[in-house]
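> Got a predicted model here, sequence first, then my questions.
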Amino acid sequence: MRLGLSLRKQQIIWGYIFVSPWIVGTLLLFAWPLIRSLMLSFQRVTGLVQLKSEWAGLTNYSEAFREDVRLIPVLTETLGDLALDLPLILIFSLIMAILLARVRRGQTTLRAIFFMPVVIGSAGVIQELLRAGAGDEVMMSTMEPILVSAESSPLEGGIVTPIQATLDRLTLIIWRTGVQILLFVAGLNSIPPSLYEAAYVDGSTDWEAFWKITLPMLSPVILVAAIYTLVDSFTDPLNKVVDYIMDVSIGASLRLDYGAALGWIYFLLVFVLIVLLVRLSSGLVFYAGERT
Amino acid sequence: MTQLAPTKPRYRRRFLQVNWTYVWMLPMAMAMVIPLVYTVSFAFKPLEELFLFPPPLFPKSPTTDNFQQLVLATSSMTVPFSRNIFNTVVTSVAVMVGTVLIGSLAAYPLAKYPLWGKNFVFAVVISALMFSPEVTQIPRYLIVNELGMIDTFGALIIPNLALPLGLFLMKQFMEGVPSELLEASRIDGASELRIFGQIMMPLTRPAWATLAIFSFIPTWNDYFTPLIFTRSESMKTLTLAMQTIGSGATTVARYGAVFAAAFLVLLPPVVLFIFMQRRVLDTMAYSGIKS
């Protein structure tokens, strides 16, 4: 590849070669389906077999906001849950990662343990399987043993109930922190120890070092973790909105067109939220390596 | 992180600190492993213990009855069970290797080159991350169908390759690699491919090891993709075969088989994860990122 091109030009050519497999894959299997589903959202399917359809303008969208009684409650509920869960997940996983980074004996084992729910949790199959094959509450409880034991405890009612609700929520949150903890531990391990060394020589305490070194150096990872958390909960098949969309489009009614429209409404909402997150955090995130 | 810190002796405090760390982590760690413990213990529980409520953590009289039931259940299927296992292994490994390769290749120029249109590509990545894959599943099916890939390994592997999360993760980590390192090797006459293979990839090993785990495990556990893209029995993956076992659970004895199967499906990701985890940690200790 030395055709008398300047180093910079060579570099750019290689750059495009490197990116091209990803671009081709994305265009073909992501962008094109996306465009089709956008088209579908403005159409009305008339023949399901060959997917015949005619243009219907904005009828699907107006139906979503004017007639659909399920959409708005499902959306607000999901967003409300998220507003509570996101900070909790981030703070919890950051604390756990810092603790993990301090541990010298058994860090590997502990980290593996904390990632376990992700390994198991993504096995939606197993949940599916247990539900389909043996629709029994006891079977389901393999996934939520703590909740079950809390429910069957003798202390039920009164003051215990709200506490238990919080605990239930915490348990579920703990199970959703595996990836974030892993990201944070990787981030913590990549902070140069010389920074801490310098700070301690100058008489810094651990507390100060956390606020002045750990947090700024970790801020890009925190943003990644926040976005991951958002995306993870929005695309979770157990998410109520996704569940509703799937129910509309491949459930009994089989309304592909309306399902596509709902999918796009949901996508735009998520998109706005993440853009807001990135914008709001742009002043707070510190990049150590320069960005070219 | 404090190990390199002080010159004055603070041993006493350090001792207490570490202890507290463990005390804090213990209940959390327990909460994390309980589902796993349940899956394992259910697989070895005799039939009469499966229905105890609340379920006890450990079986009182462990048996391998459930596994025998599983063998019985799978022997009546038209395709040997090993074929389903083979399909899942091939698919998961191919997706893992492909995702890491394509993702890192694309992330490198996006992170370090002055490329025209890279901000646009990155915007596409971010939006791709947000779109629930279930929602685009129907148009995606049409395209895979038009490409004639239905019921082949291609249909199981290719749609999962250009993972936006992979590109995002790799780009984020590659930005942290000092550009001076790349400049230095460029001046020494290294080709771009060589810089990628011998500098960028070794330095971002923790990141792509993580990505490898991220892509392997969901593919291994994936139920939706094989359900939509395969038709014949011989292309069914483990998860689909398990579904068959599950739906065949008309007799009570089959419940046990379901749990044994769940245990078997869960085992490889868990083992692979523990293995990879160790490697990730080892690499991190020596990688250039740290110094």
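Okay, I see it.
> After the helix or strand containing residue B:32, heading C-terminal, what element do we hit next?
In the assignment (DSSP states H and E), residue B:32 maps to helix B:11-43. Following helix B:11-43 in sequence order, the next helix or strand is helix B:47-50 (DSSP H and E).
> packing partners for that next one?
On a contact count with 3 or more Cβ pairs under 8 Å, 6 or more residues apart in numbering or on different chains; DSSP states H and E, helix B:47-50 meets helix B:252-286. (C-beta placed from N, C-alpha, C; glycine too.)
> Do me a favour and average the pLDDT over the helix holding residue B:32.
In this model, helix B:11-43 has an average pLDDT of 68.
> Leaving out the residues flanking it, which one is nearest to residue B:159?
Nearest-residue entry for residue B:159: residue A:29, 5.0 Å, with adjacent residues in sequence omitted and distances by Cβ to Cβ, 6 or more residues apart in numbering or on different chains.
> And for the one you found, the neighbour number?
The tally of other residues near residue A:29 (other Cβ atoms under 10 Å in any protein chain shown) stands at 21.
> can you check residue B:184 too?
13.
> Just the pLDDT at it, thanks.
We have a pLDDT of 88 for residue B:184.
> Could you do residue B:289 as well?
At residue B:289, pLDDT is 36.
> same question, residue B:199
87.
> low-confidence ranges in the chain?
Went with chain A since none was named. A:1-4, A:47-51, A:119-172, A:237-238, A:250-252, A:288-292 (pLDDT under 70).
> Chain B was what I was after
For chain B, the stretches with pLDDT under 70 are B:1-19, B:34-35, B:50-57, B:129-135, B:246-255, B:277-291.
> Report the central residue of it.
Among the residues of chain B, the one closest to the centroid is residue B:217, at 2.6 Å (Cα atoms, centre = their mean).
> where's that residue relative to residue A:25, distance?
To residue A:25, residue B:217 is 20 Å away according to Cβ to Cβ, to the nearest Å.
> again, but for residue B:87
Here residue B:87 is placed at a distance of 22 Å from residue A:25 (Cβ to Cβ).
> For those two, indicate the residue with more neighbours.
Neighbour count, other Cβ under 10 Å: between residue B:87 and residue A:25, residue B:87 has more, with 23 against 20.
> Do I have it right that the more buried one meets residue B:232?
No. Counting by Cβ atoms under 8 Å, residue B:87 sits too far from residue B:232 to count as a contact (10.8 Å).
> Quickly list what's touching both of these two.
Taking Cβ atoms under 8 Å, 6 or more residues apart in numbering or on different chains as the criterion, residue B:87 and residue B:232 do not both touch any residue.
> Can you tell me the SS state at residue A:46?
strand (DSSP: H, G, I helix; E, B strand; the rest coil).
> How about it: what's its closest non-neighbour residue?
Spatially, and ignoring its direct neighbours in sequence, residue A:46 is nearest to residue A:52 (5.0 Å; Cβ to Cβ, 6+ apart).
> what are the bridge partners for that neighbour, then?
Per DSSP bridges, the residues bridged to residue A:52 are residue A:47.
> what about the closest residue to residue A:281 other than its chain neighbours, how many neighbours?
The shortest distance from residue A:281 to any non-neighbouring residue, by Cβ to Cβ, 6+ apart, is to residue A:223 (5.5 Å). By other Cβ under 10 Å, the residues close to residue A:223 number 17.
> mind listing what residue A:223 touches?
With contact taken as Cβ under 8 Å, 6+ apart, residue A:223 is in contact with A:277-278, A:281, A:285.
> Surely it is in a helix?
Yes. Checked against three-state DSSP, residue A:223 lies within a helix.
> re earlier: check the gap between the residue nearest to the centre of chain B and residue B:45 for me.
Residue B:217 sits 26 Å away from residue B:45, going by Cβ to Cβ.
> Could you do residue B:240 as well?
Here the criterion is Cβ to Cβ. By it, residue B:240 lies 25 Å from residue B:45.
> More neighbours: those two, which one.
residue B:45 (24 against 19).
> how about that one, what does it touch?
B:59, B:62-63, B:66, B:256, B:259.
> Just give me the closest of those residues to residue B:227.
Distance to residue B:227, by Cβ to Cβ, is smallest for residue B:259 among these, at 21.7 Å.
> Could you verify my assumption that that closest one touches residue B:46?
No. Counting by Cβ under 8 Å, residue B:259 does not reach residue B:46; the two are 11.2 Å apart.
> who has more neighbours, the two?
Relative neighbour count places residue B:259 above the other of residue B:259 and residue B:46, with 29 against 15, counting by other Cβ under 10 Å.
> Please name the nearest non-neighbouring residue to the more buried one.
Counting by Cβ to Cβ, 6+ apart, the residue nearest residue B:259 is residue B:42, at 4.3 Å.
> chain center to the host helix or strand of residue A:97, what's the gap?
Assigned by DSSP H and E, residue A:97 belongs to helix A:71-102. With Cα atoms, centre = their mean, to the nearest Å as the basis, helix A:71-102 stands 10 Å off its chain's centre.
> what does stretch B:208-219 give?
Offset of stretch B:208-219 from its chain centre (Cα atoms, centre = their mean): 4 Å.
> Stretch A:70-86 now?
From the chain centre to the centre of stretch A:70-86 is a distance of 14 Å (Cα atoms, centre = their mean).
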